[in-house]
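> Give me coordinates for this.
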Amino acid sequence: MTRAMHNSALMLLNTSPRLPLIAALAVRFAATVTQWEQRRRSRVNLGKLDDRLLRDVGLTQDRADAEVCRYFWMK
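The predicted structure follows:
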């Protein structure tokens, strides 16, 4: 929950009209890095799921393996 709130706060700061350019760039960079970390963490945890849990979320082992092999910057 704190990750979502943190990312939302970064996005809110990023849309602020009073933010200096360098601060806006820093906020956008922080939001991007936060998103990358969330993807990396999700893919690592996906790789730890067994077949039963993968079926519960509607994934095959092959599809999960393909997702786990993706780089963190890839959507």
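
> helix or strand for the closest residue to residue 49 other than its chain neighbours, which one?
In space, and not counting its chain neighbours, residue 49 is closest to residue 64: 6.8 Å by CB to CB, 6 or more residues apart in numbering. In short, each C-beta sits where N, CA and C put it, glycine included. Using DSSP states H and E, residue 64 sits in helix 61-68.

> buried ones in that helix?
Of the residues in helix 61-68, residue 64 count as buried by neighbour count, 16 or more other CB atoms under 10 Å.

> What lies in contact with that helix?
Under the contact criterion CB atoms under 8 Å, 6 or more residues apart in numbering, helix 61-68 has outside partners 43-44, 46-47, 49, 51, 54, 59.

> tell me which of these is nearest to residue 73?
Nearest to residue 73 among those is residue 43, at 11.6 Å by CB to CB.

> Run a quick neighbour tally on the closest one.
By other CB atoms under 10 Å, 17 other residues sit near residue 43.

> likewise the one 5 residues further on?
Per other CB under 10 Å, the neighbour tally for residue 48 reads 9.
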